[in-house]
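1. Sequence first, predicted coordinates after that:
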Amino acid sequence: MQNQVEQAYQAAKTLYAQHGINTDDVLNKLADIKVSVHCWQGDDVRGFLNQEGELTGGISVTGNYPGAATTPAELRADLEKAFALIPGKHKVNLHAIYADTDEQVELDQIEPRHYENWVKWAKEHGLGLDFNPTCFSHEKSSDGFTLSHPDPEIRKFWIDHCKASRRIGAYFGEQLGQTCVTNVWVPDGFKDTPVDRMAPRKRLKESLDEVFAEPLNPKHNLDAVESKLFGLGSEAYVVGSHEFYMGYGLQNDTLICLDAGHFHPTEVISNKLSSLALFTSGILLHVSRPMRWDSDHVVIMDDELLEIARELVRHELLGTTHIGLDFFDASINRVAAWVVGTRNTIKALLRAMLEPVDALKQAELDGDYTTRLALTEEFKSYPFGAVWDYYCAQQGVPVREQWIKEVKSYEQDILQSR
């Protein structure tokens, strides 16, 4: 098998070289890309601070596949298994509810020490950590409002929670030597048409101003804000709309998060990247796969994933774009979901990096749309799979579908006993 992989790679390398593409250089660049793998796929967004509580905030996880993690140690073990099957060194994205502590701690009182076991584990495995305040599945979010809540006491609770989350993010960045992106998303909105759309947004703006007031070292922590078109229970109006957060992010030099499932079903985030990148210092992506609504299916190699990757590569945005995943499927093996989604994301980036971008841009500039179309189509059948197989072998992870056996074995030995 190893000889076959090597031979196929050398043949592919020769083909790509004819178009000035050095596959060795491409793989070196690919190895530097870090994908932020979301922890909440492993336990269906339950977390460990309030496991008995109901999942709220318009979030829905369907399926009852056995083996969901119920402790931080189990979740870390599952992540380790997934990372052993994914090429490259990456990051883990934590929500605040994933604290690893024996203390009974409220969200507005969380501190770095409640996540120390995550930091130790990340150091051991050479991983980075990203963070998110958890503004859902809590009694103080039960009416659908948090940072824009009309009650100043409830609003203060969520402000304090987000402040604490930023400090934890900065701690992660300082300890791990990898910048932590702390992303704020709130589910605030109305089920039916409101009379006053302005007042909640004014409160949200004021709350965010207070949350972000404390200066933190940008080498340690970068702040991001995430919009949504609608949610379950907020079908008519979401306070934190795309326009709201785009304005806020641009005005305050805060990362703007584009989530693939948070727009109208006919919108795609790939088409937004080249516009937003002209006016921002960086972008946060939540790569997901919506199906009719923000249903967060496992990422597959579909047209939109490829277009996202192409936009990042063609416009040299990889250095300023933070790529994270956001899906949760409880109908299949949860470790397999991580592996499929993350491998596809990396594979899409590889495919984009193996295209003759300069030649295509020149053809377009020359008005030679025939060459642009013909070359684009021909490259769809170029042997990127041979380069991908070689990269996996080079990184010491299973080639092609061999990883499935390892997941099945892990399920039989570990997951089924939970």
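-> Ah, there it is.
2. Per-residue confidence at the nearest residue to residue 192 once chain neighbours are set aside, what does it come out as?
-> Distances taken as CB to CB, 6 or more residues apart in numbering place residue 236 nearest to residue 192, at 5.1 Å, with adjacent residues excluded. Every C-beta, even on glycine, is put in place using the N, C-alpha and C of the backbone. Listed pLDDT for residue 236 reads 91.
3. cool, and the one 4 residues further on?
-> Residue 240 carries a pLDDT score of 96 in this model.
4. So for the helix or strand where residue 15 lies, mean pLDDT?
-> Using DSSP states H and E, residue 15 falls within helix 2-17. Mean per-residue pLDDT for helix 2-17: 95.
5. Stretch 399-409 now?
-> On average, stretch 399-409 scores 96.
6. which parts of that stretch are buried?
-> In terms of neighbour count (16 or more other CB atoms under 10 Å), stretch 399-409 has its buried residues at 399, 403, 406-407.
7. Pick out whichever of those sits closest to residue 162.
-> residue 407 (36.1 Å; CB to CB).
8. how about that closest one, secondary structure?
-> What DSSP: H, G, I helix; E, B strand; the rest coil gives for residue 407 is helix.
9. surely it meets residue 337?
-> No. Counting by CB atoms under 8 Å, residue 407 stays clear of residue 337, with 9.8 Å between them.
10. just the helices in the stretch 201-350 of the chain please.
-> Ranges of helices in the stretch 201-350 of the chain, per DSSP state H, counting those that start in this stretch, are 242-252, 270-276, 303-314, 334-353.
11. Of these, flag the one that's most buried.
-> Mean neighbour count, computed with mean count of other CB atoms under 10 Å, is highest for helix 334-353 among the helices of the stretch 201-350 of the chain, reaching a mean of 24.
12. what mean pLDDT would you report for that helix?
-> On average, the pLDDT along helix 334-353 is 98.
13. following that helix, which helix or strand comes up?
-> Following helix 334-353 toward the C-terminus (DSSP H and E): helix 357-365.
14. Pipe the helices of the stretch 201-350 of the chain into JSON lines and attach distance to residue 122 per row.
-> As requested, the helices of the stretch 201-350 of the chain are exported to JSON lines (distance: least, CB to CB, whole Å):
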{"stretch": "helix 242-252", "distance to residue 122": "27"}
{"stretch": "helix 270-276", "distance to residue 122": "28"}
{"stretch": "helix 303-314", "distance to residue 122": "25"}
{"stretch": "helix 334-353", "distance to residue 122": "16"}
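15. Point out the one among those helices that comes closest to residue 79.
-> The nearest among those, by CB to CB, is helix 334-353 at 7.5 Å.
16. longest single helix anywhere in the chain?
-> Ranked by residue count, the top helix of the chain under DSSP state H comes out as helix 152-176.
17. ok now it, how far from the chain's centre?
-> Distance of helix 152-176 from the chain centroid (CA atoms, centre = their mean, to the nearest Å) equals 20 Å.
18. Kindly report the same for stretch 384-392.
-> Taking CA atoms, centre = their mean, the mean C-alpha location of stretch 384-392 is offset from the chain mean by 23 Å.
19. what does stretch 249-267 give?
-> 13 Å.
20. quick check: mean pLDDT across the helix or strand following the longest helix of the chain?
-> Proceeding N to C from helix 152-176, the next assigned helix or strand is strand 180-184, under DSSP H and E. For strand 180-184, the mean per-residue pLDDT is 98.
21. quick one: strand 180-184 to helix 152-176, angle?
-> 160 degrees (axes from the mean of the first three to the mean of the last three CA atoms, to 10 degrees).
22. So for the chain, the centremost residue is which one?
-> What sits nearest the mean C-alpha location of the chain, by CA atoms, centre = their mean, is residue 324, with 1.9 Å.
23. Excluding chain neighbours, give the residue nearest to that residue in space.
-> Per CB to CB, 6+ apart, closest to residue 324 is residue 36, 3.7 Å.
24. who touches residue 134 in this structure?
-> 47, 49, 95-97, 107, 161 (CB atoms under 8 Å, 6 or more residues apart in numbering).
25. Redo those as a markdown table? Include pLDDT and secondary structure.
-> Shown next, in a markdown table, are the contacts of residue 134 (pLDDT from 0 to 100; DSSP: H, G, I helix; E, B strand; the rest coil):
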| residue | pLDDT | secondary structure |
| --- | --- | --- |
| 47 | 87 | coil |
| 49 | 87 | coil |
| 95 | 97 | strand |
| 96 | 96 | helix |
| 97 | 95 | helix |
| 107 | 95 | helix |
| 161 | 98 | helix |
